[in-house]
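A.B. asks: Could you work out the structure for the sequence below:
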Amino acid sequence: MRGKRVLVTGGAGFIGSNLANHLAADNDVIALDDCHLGTPENLDGVDAEGNASGPVEFVDGSVLDDDLPTDVDVVFHLAAYSSYTMVEEHKREATRVNVEGFVNTVEQARRDGCDTVVYATTSSIYGSRTEPSPEDMDIEARTCYEASKLAREQYGEYFGNHYDMTLAGLRFFSVYQGYGGAEEHKGEYANTVAQFADAIASGESPELFGDGTQTRDFTHVDDVVRATELAADHELDGIYNVGTGESYTFNSMVEMINDELGTDIDPQYIENPLDVYVHDTMADATKLHEATGWEPAVDFEDGVARVCAAYKE
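C.D. replies: Below you'll find the model as predicted:
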């Protein structure tokens, strides 16, 4: 993507800041964030107070605001309460941000003449599966978080059908980068790869629910950023998975981190405290590949090495 004016909502967050920084090399980028979850310091050339001296323009604002900077060519809508526990603890606020915030942003973009939107939904709606999950399989909302993301998809379909807009919903699978990247501000909500690597590097045992045999399709944020940009470049419409098609157990992940750091720290196994828990995930990203040629470029071994590199400097 080149020469475009783009808005990234949730632009100071984990995925949003990676996307904004990447796009800023060839585009005019506005990163909007209310700093509830994100931090402006994730953005190139932006300090903790949000003052910008680099390529990204930072706007301190909410997707619920009445006057959003949506006079752009493309909106990348990533702003959200982004985890099951986060949403369950703040149902009303989270639903407003995840659903009303989406409708508000897309409607303002439409009025300003922008008809291309790429937005984040979730792979959690597939439930627990050890086989690849295609976009057309049966899905269900078992949590408030999943319900809010499914509502996004329904409203995306509405805007597409009613106003002939182009909206691509991306179901991300377990996105990670590590605390050496833009995840540290997420703390307990960061990906388990980042949390476990930080614990082991600090000489602490990471806590694994159950027996550690649960699996995830761990997808590096660099691959997610490429997929998100390609979705806009190709003006995709509909729902697309973004994942590697491979899964690893938490036990295997801990072993890989130990090997990379030269440590030998055993995990601590604890009872799962969550009422709803997805034990296994794996993406079928065939649809995205056929539409754009996208393939994951960062395999998990390389990804773990990147996460651990910050502790070896």
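
A.B. asks: Next secondary structure after the lowest-mean-pLDDT helix or strand in the chain?
C.D. replies: Taking mean pLDDT, DSSP states H and E as the measure, the helices and strands of the chain show their lowest mean at helix 84-89, namely a mean of 88. Scanning the chain past helix 84-89 towards its C-terminal end, the next helix or strand to appear is helix 91-95 (assignment: DSSP states H and E).

A.B. asks: remind me, longest helix of this structure?
C.D. replies: helix 144-163 (DSSP state H).

A.B. asks: Give me the helices and strands touching that one, please.
C.D. replies: The helices and strands touching helix 144-163, judged by 3 or more CB pairs under 8 Å, 6 or more residues apart in numbering; DSSP states H and E, are helix 84-89, helix 91-95, helix 101-111, strand 116-120, strand 166-172. (Glycine included, C-beta is placed from N, CA and C.)

A.B. asks: okay if I get those as a markdown table plus distance to Asp264?
C.D. replies: Formatted as a markdown table, the helices and strands packed on helix 144-163 follow (distance: least, CB to CB, whole Å):
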| stretch | distance to Asp264 |
| --- | --- |
| helix 84-89 | 31 |
| helix 91-95 | 40 |
| helix 101-111 | 45 |
| strand 116-120 | 37 |
| strand 166-172 | 33 |
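
A.B. asks: Looking at those, which is nearest to Pro132?
C.D. replies: Using CB to CB as the criterion, the shortest distance between Pro132 and these is 12.5 Å, found for strand 166-172.

A.B. asks: Show me the strands in the protein, by range?
C.D. replies: Counting by DSSP state E, the chain forms strands over residues 5-9, 28-33, 56-60, 74-77, 116-120, 166-172, 175-176, 207-209, 215-216, 219-220, 238-242, 248-249, 268-270, given from the N-terminal end onward.

A.B. asks: closest to Tyr84 out of the ones you listed?
C.D. replies: Between Tyr84 and these, the shortest gap by CB to CB is with strand 207-209, which sits at 12.9 Å.

A.B. asks: so what strands line up beside the closest one?
C.D. replies: For strand 207-209, the paired strands and their directions (DSSP bridges) read strand 268-270 (parallel).

A.B. asks: mean confidence score for the partner strand?
C.D. replies: Taken as a whole, strand 268-270 has a mean pLDDT of 97.

A.B. asks: Then stretch 139-157?
C.D. replies: Predicted confidence along stretch 139-157 averages 96 (mean pLDDT).

A.B. asks: Give me the below-cutoff pLDDT ranges for the stretch 151-300 of the chain.
C.D. replies: Under the criterion pLDDT under 70, no range of the stretch 151-300 of the chain is flagged.

A.B. asks: make it 90
C.D. replies: Of all residues in the stretch 151-300 of the chain, those with pLDDT under 90 make up the ranges 187-189, 274-276.

A.B. asks: residue ranges for the helices of it, please.
C.D. replies: Listed from the start of the chain, the stretch 151-300 of the chain has helices (DSSP state H, counting those that start in this stretch) covering 192-201, 221-233, 250-261, 286-292, 300-309.

A.B. asks: Figure out which of the ones you listed is closest to Gly101.
C.D. replies: Each of the helices of the stretch 151-300 of the chain was checked against Gly101 via CB to CB, and the shortest separation belongs to helix 221-233, namely 18.2 Å.

A.B. asks: The closest one - contacts with which helices or strands?
C.D. replies: Contacts defined by 3+ CB pairs under 8 Å, 6+ apart place helix 221-233 against helix 14-23, strand 74-77, strand 116-120, strand 166-172, strand 175-176, strand 238-242, helix 286-292.

A.B. asks: who's in contact with that helix?
C.D. replies: Applying CB atoms under 8 Å, 6 or more residues apart in numbering, the set of residues contacting helix 221-233 from outside is 1, 6, 14-15, 18-19, 22-23, 74, 76, 116, 118, 168, 170, 172, 175-177, 181-182, 236, 240, 242, 244, 288, 292-294, 296-298.
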